[in-house]
Each structure stands twice: as structure tokens, then as C-alpha cells.
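J.: Would you be able to build a 3D model of this:
(chains A and B)
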Protein chains: 2
Amino acid sequence: MTASPLKTGSTIGILGGGQLGRMLALAAADLGFDARIFTPEDDSPASRVAAGATVAPYSDLDAVTRFASECDVVTYEFENVPAATAEAAGAHAPLRPGPKALAIAQDRLAEKTFANGLGIETVAFADVVSPADLEAAIKTLGASAILKTRREGYDGKGQVRITPEMLKGPGWAEKAFAAVGSAPSILEAFAPFVHEVSIIAARGEDGATAFYPLTENRHEGGVLRESRAPAAVSPATAKRGQEIARAMLGALDYVGVIGIELFELPDGRLLLNEFAPRVHNSGHWTPDACVCGQFEMHIRAVAGWPLGNPTQLAPAVMTNLFGEDVLAAPELAKEPGARVHVYGKRDLVPGRKTGHVTRVG
Amino acid sequence: MTASPLKTGSTIGILGGGQLGRMLALAAADLGFDARIFTPEDDSPASRVAAGATVAPYSDLDAVTRFASECDVVTYEFENVPAATAEAAGAHAPLRPGPKALAIAQDRLAEKTFANGLGIETVAFADVVSPADLEAAIKTLGASAILKTRREGYDGKGQVRITPEMLKGPGWAEKAFAAVGSAPSILEAFAPFVHEVSIIAARGEDGATAFYPLTENRHEGGVLRESRAPAAVSPATAKRGQEIARAMLGALDYVGVIGIELFELPDGRLLLNEFAPRVHNSGHWTPDACVCGQFEMHIRAVAGWPLGNPTQLAPAVMTNLFGEDVLAAPELAKEPGARVHVYGKRDLVPGRKTGHVTRVG
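T.: Predicted coordinates for the structure are as follows:
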């Protein structure tokens, strides 16, 4: 355990070697820190910009222990860090954000219950552990709903959309529950939202908070395509977004950047969709358009430094690049207002995020 | 030798492991490239953010050859790359900027002669290879002058200031020449400048050019302390700065970022002081205040990508941090307009640059 704020040359451990880890490592380096990556992947995008890497499965708790012992603080780029991994790391270095945020973010039922407990609205939902639960829940929540596993699942995976048509088929509940692997699940009522928005926010070790403007997100097939900031919402809605973030950060005794996805209803009300206890794809525009971007903000927070300045200097639109889209990067880089970021992935797998471009102004 | 523009995952070799190499490596990573560092130093600041490092002396031409063979292009962070090193690297990968720029930048006499040949004024100067040359040169150039070695020397090293008082002492010429190591030297007349300014500019593989606004620099003891941009110069002087840069870039068939130091005379005329065929300390404000900073600009150029947009979005003042100054980084980071950069040097040697802070707006 180390003195705060962390001094130049201290080591920030990052669980996960993907693009978020890479951008965190770059931000850490810019503040004089050594980044150390823990990843099951040889030659990961993050490892290639870090001072060191440990290549081992997350389940290798000895490796996690050795890794954490070499770090002054440990953070992570993904919310599905196994609890045992988080615990092993946290026993040897401060784990930021802490285990409470991880535990809640990993369980959709806990997440919504937590939010409701803070007076933050969500869609109506029901706990589903059997086809019978599902049938009962549909009667309460209505025939347009989404069945999601409580744990795991991202970018639209582990989800089944329930439609009124489906309910006409025999054994629909058995089929739907089987389609999510018969795993403990949650049925969520359909949200009649007009916008999907998100707020990226941060809390420091000292309890200080910082909020980026609300971002408007466009998904396709459950995957984020485009984020636009600031979102075209009323001042009251923007203010409510901040209140939600502030309440969650405080209740979680959070240290670091959080990404909170929200639905905006026609009347401007915001419902929590989900949160990620990490930097977030919908915040990728922030380094290009704000005084301090989300990656540096997160590093400052976990290092016990003062938070950065989240002020947005110009409007921004961030577009994800998938698979070989990224080969057009030099062409995209011709646009005078475009800021291109490429993740250095070895395989340009179709549908996988390989870069993004932010258009500023 | 490789197709241009370089594709994601290509390797950019950087000769030199200091802070400039580090910031170049970070910029390369952000565009999806792997950086590979060649440095005599174990655990150099640049190596710790790069995909790979070769640790060997610059004189180890076999190591240079192996290094260059693993790179798609090679660039450098310092102008004193030995010619044999540059040649060995250039035989296996494109060396950018090319050997002509390196050769001229390494020799103050060649540099001034080159500039004058392009119609770019310099201070009056004379070739000095002996105390007798020095005595003769003083008679022509006047008693206030600076004797500098033609080669090597930076941040005020390898220089002796000649004053009218010195000339009264016996054997002054022998002593002064001995003080610069009796090396081939150049005597430069004193420039009655009102401002020290610099221009950071770039040229792409396609001959396109980009110019940052003129920067005003304050040195102490021959070392840059502060850069302020844009410089408080007339539009005519600013235009002349660009003309100088454009002429030099073209004549050198240059690819990459160049840093050109100039003296502004009371009448607004600009004299070339010296140029560096690399990113430059007086351009450290550009990543914080321009659409595309000098490090990304350089990487784009050497990778055969289109140049970036050098437009300055807000006024900026960059202050170097020396030695343990950098320990105040968390404190400095509290200022809402301050952008702090720390180089991750292991030893915080007094007087050595260890970071910088840019105040924007």
C-alpha cells in the first residue's frame, strides 16, 4: 500500500490488455507512471505500450498476486474481473474502483436494485431463474421485454428480446430461457426511450467529483456505433444525469471513472440502463474535445492525484471503427477536424472494435 | 522498404530513448503503430512505452542493422546521430528525416552556410580552427561574440562567450579555443535580438507542409525555460518565419517535423539561429493547444500519412520542469487549465528536464 498521490515512476497495474487498457497505459505514461498489464493474451494491444506485462489467465491467482505486488495501485479495463481475481489483487495493492462497484456492476439484478435504492429509476424488471418465473414476469411487465443473463454478456450477447409474437408459440418461455443458457436472469420491461445517453464521471480519492457532458449514443445490433456530445437534452435532463452519477459515485465510495448508460424518456426522465466501473467507449471523444480526457481522468483518480478538468471545448462526434474499417485510418486522417485513434490489434476481426475517429467542432 | 502510408501494426523505429522518443512512441501508439526504441540506456523512458527496445551503443552498427531490419521506418529524437549509425539504419529502412538534414544540422558552419544560400539571414560568422583564426575573426565580427564548436554541444555546452574584457587578457584566444576543446569551431557575432522565437513545421512524404504559429522562447543559462505561443510578433514577421521554414523543408527534401530557432531583431527581421531535425522542446505546447501536436505530426509524416492540422485553438505557455520540480506534478495538476506531462525519468538530476506543464487559454 502506497502513499498518495503516487509519485513519478510508480507502477499502475491494469487488468486487461485491450484498447481500454492501452489508452489507460498511454495516459499513465504521459503522467510519468509505469503501466503494467495483466492479460491472458500474448502481445496484447496494451502490453505493447506498457513498461511490463504479466501473461496469465485471470484465474491464476498466484500470478495475480505477484502482479499486484509489483504495482502501487491496480485498476481494470473491464467489469467482468472475477471476484477472486479482484480479491487477490486487492490484497496486495489498492484496487480502484473498489470491489463493491465491481460486484454490483457484474449483476444486472443487483445493479438495478442498487439504483432504485438511490432513487434512480430503471425500467421495471423481474428476477428470472426458471421458465415459470419468465411467464409470470411477462404478465406483470408486458409482452415487449428483454431477457438478459444477470451476469456476463456485453455488446448484446446473452440477451433475448421477447415479442408479443413469440408468446403465441408453444414452450416459448422454455426456449427463451434456454437461449440465455438457463442462467439466472432478469426480465427487463421495454423502455420507450427517445435517446440512449450516457454520462462519464469520476470521483477522486478525496471525494471530489467531475462530470463530462451527457453523450448521445447510437447503437447498432447492441454495439455502440456513434457518440455525440453534448447530447441534445434539456438543461434539466443534463442536471439529472449529473445527479444520478453523483449519487452512484458516492454510494459506491468510488475512485476512478465510471460510465453510466441511461435511457431518456419522451418526458425527459432518465432511467438507468447499466453502468461500467471503468472508462467507457462513449467517452472516447473526451481526450479530443475536453481539457482532460477520461483516460487521464481515471489515472489521476486511481493515482490519488487531483481530478482533471472535464470541460468540453468543442462539440464532438465519435465513430467506432470495426474490423478492417481501420485500414482507412490514413484517409480519415486527412480531414482537418478528425482525430484518428487506432488500437494496434493484430487481427482485424469483422465486427470487433479496432479504432475510432473523433470529429471535433 | 515498405509501402506508404504505413498500415496499422507497422513498426516505427526511434533512435534515442529520452523524453522526445517517449512522446513520439506514445503518439505512434495512438495511431496504431508499434514503436521500437534504439538506446544505449537500460530501462529508458521511451523503452517503457514501446513495443520493443534494442539496448546498444550507437556505434554498434550490427545492432543498428538488426534494429532497422525490424522497422518499417526509422526516425530519431536527437540530431547528433552519428553518420555511420544513420547510414546503417538507412540501408535497411527509410530514415526520416533523411541524412542531408542530419549532416547539416550537426555542423553549425554548414547550417549557416546552407541558410544563407537560401536567402535566410544568420548572424555574421567565421570558421575557426585555431587561436589565430579566432583573433582574426574577432577583428571582423566585433568583440561581443560567441565561440561554439561546429559539432555536438547543446543546451549551452561547448560554447564560450567572448567579451571585450576578455580580449584585454594575454593569450585570450588560446584560452578561449582551449575552452571549446580546440575543436573546429565557429565564431558567431552577437545578435542584438529582441526575442528568441522558433517555428515548428513539418513536411510530408508528398511534399505537403504544415506550420505551427511562431513561439516565443525564454532561455536561462542556455536552456529553454518557457515557450509562449503564439509569439507577440507582427504578421510580417510571422509570415517570414513560415517562409524560412518552407524554404528549409524544401531544400532538405525533408520528411518529418523540424524545429527552427530564430532571433527576432528590433526591426522584425528574423535570423536563423539553428535548426533541429526532430520534434523540439519549444513545440511541447502543441499537443495541448493544437488540433494535431508535433509528436503525432512527426509520426504521420514519417509514416507517409497525411500531415495533421496544426491549427492552434487557444494561447499556450509551456514551462519546463527540471530535476525534482516534477515532484510537484500532482500540485500543478490542480490548476484547471494546466496540462502536466512527466517523462518517467528514474533519476531526477538537478537541471535535467523531467517534465513540462502547458497552461492553455
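J.: Show me what secondary structure element comes after the longest helix along chain A.
T.: The longest helix of chain A (DSSP state H) is helix A:235-251. Counting by DSSP states H and E, the next helix or strand C-terminal to helix A:235-251 is strand A:256-264.
J.: Parallel or antiparallel, which strands does that following strand pair with?
T.: strand A:195-203 (antiparallel), strand A:270-276 (antiparallel) (DSSP bridges).
J.: now the end-to-end length of stretch A:252-271.
T.: 18 Å (CA to CA, to the nearest Å).
J.: Spell out which parts of the stretch 201-350 of chain A neighbour chain B.
T.: Residues of the stretch 201-350 of chain A lying near chain B by CB under 8 Å from any CB of the partner chain: A:291-292, A:300, A:303-306, A:308-309, A:311, A:313-314, A:326-327, A:329-330, A:333-334, A:336-337, A:339-346, A:348. To be clear about C-beta, it is placed using only N, CA and C from the backbone, and glycine gets the same treatment.
J.: Which of these fall in strands?
T.: Applying DSSP state E to these, the entries found in strands are A:339-342.
J.: Looking at the residues you listed, spot the one nearest chain B.
T.: The shortest approach to chain B among those belongs to A:Val342, at 2.6 Å (CB to the nearest CB).
J.: So the closest one is in contact with A:Val326, correct?
T.: Yes - look at A:Val342 against A:Val326 with CB atoms under 8 Å: they come within range, at 5.5 Å.
J.: what residues are shared contacts of those two?
T.: Residues touching both A:Val342 and A:Val326 by CB atoms under 8 Å, 6 or more residues apart in numbering or on different chains: A:354-355, B:8, B:32.
J.: give me the low-pLDDT residue ranges for the stretch 101-250 of chain A?
T.: Along the stretch 101-250 of chain A, segments meeting pLDDT under 70 span A:153-157.
J.: Can you list phi and psi of A:Thr122 for me?
T.: phi -130, psi 180 (degrees, to the nearest 10).
J.: How about A:Gly90?
T.: For A:Gly90, the backbone dihedrals (degrees, to the nearest 10) come out as phi -70, psi -20.
J.: I'd like the ones in strands among the residues of the stretch 201-350 of chain A next to chain B as a markdown table, with neighbour count appended.
T.: Compiled in a markdown table, these are given as follows (neighbours: other CB atoms under 10 Å in any protein chain shown):
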| residue | neighbour count |
| --- | --- |
| A:Arg339 | 25 |
| A:Val340 | 27 |
| A:His341 | 23 |
| A:Val342 | 26 |
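J.: Need those residues in a markdown table (columns: pLDDT and distance to A:Phe38).
T.: Shown next, in a markdown table, are these (pLDDT from 0 to 100; distance: CB to CB, whole Å):
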| residue | pLDDT | distance to A:Phe38 |
| --- | --- | --- |
| A:Arg339 | 97 | 29 |
| A:Val340 | 97 | 28 |
| A:His341 | 98 | 23 |
| A:Val342 | 98 | 23 |
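J.: returning to what we had before: please flag which of the residues of the stretch 201-350 of chain A next to chain B sit within helices.
T.: Among these, the members falling in helices are A:300, A:329-330 (criterion: DSSP H).
J.: What about the spatially closest residue to A:Ala276 that is not a sequence neighbour, how many residues nearby?
T.: Computed as CB to CB, 6 or more residues apart in numbering or on different chains, the closest residue to A:Ala276 that is not its neighbour in sequence is A:Gly259, at 4.4 Å. By other CB atoms under 10 Å in any protein chain shown, the residues close to A:Gly259 number 24.
J.: which ones are touching A:Gly259?
T.: A:198-200, A:275-276, A:278-283.
J.: Just the buried ones from the residues you listed?
T.: Buried members of the contacts of A:Gly259, counted by 16 or more other CB atoms under 10 Å in any protein chain shown: A:198-200, A:275-276, A:278-283.
J.: which ones are touching A:Glu41?
T.: A:17, A:47, A:55.
J.: Go through those and name the one nearest A:Ala101.
T.: Nearest to A:Ala101 among the contacts of A:Glu41: A:Gly17, at 21.1 Å, using CB to CB.
J.: so that closest one makes contact with A:Ile37?
T.: Yes - A:Gly17 is in contact with A:Ile37 according to CB under 8 Å; the separation is 5.1 Å.
J.: Between these two, tell me which one has more neighbours.
T.: Taking other CB under 10 Å, A:Gly17 and A:Ile37 do not tie; A:Ile37 has more neighbours (30 against 26).
J.: Which of the helices or strands spans that one?
T.: Assigned by DSSP H and E, A:Ile37 falls within strand A:34-39.
J.: Please apply the same query to A:Lys148.
T.: Using DSSP H and E, the element containing A:Lys148 is strand A:145-149.
J.: What strands flank that strand, and is each parallel or antiparallel?
T.: Applying DSSP bridges, strand A:145-149 is found paired with strand A:159-162 (antiparallel), strand A:185-189 (antiparallel).
J.: so which of the ones you listed is the most packed in?
T.: Stretch with highest mean neighbour count among these: strand A:185-189 (a mean of 23; mean count of other CB atoms under 10 Å in any protein chain shown).
J.: how about it as PDB, C-alpha atoms only?
T.: Taking Å, rounded to 0.1, in the frame of the first residue of the first chain, the C-alpha atoms of strand A:185-189 are listed here in PDB:
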ATOM      1  CA  SER A 185     -31.600 -13.800 -15.500                       C
ATOM      2  CA  ILE A 186     -33.500 -10.700 -15.300                       C
ATOM      3  CA  LEU A 187     -36.500  -9.700 -17.400                       C
ATOM      4  CA  GLU A 188     -36.500  -6.000 -18.300                       C
ATOM      5  CA  ALA A 189     -39.600  -4.100 -19.500                       C
END
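J.: Compile the strands paired with strand A:145-149 into JSON lines and extend it with columns for distance to A:Gly142.
T.: Listed next are the strands paired with strand A:145-149 as JSON lines, based on distance: least, CB to CB, whole Å:
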{"stretch": "strand A:159-162", "distance to A:Gly142": "9"}
{"stretch": "strand A:185-189", "distance to A:Gly142": "6"}
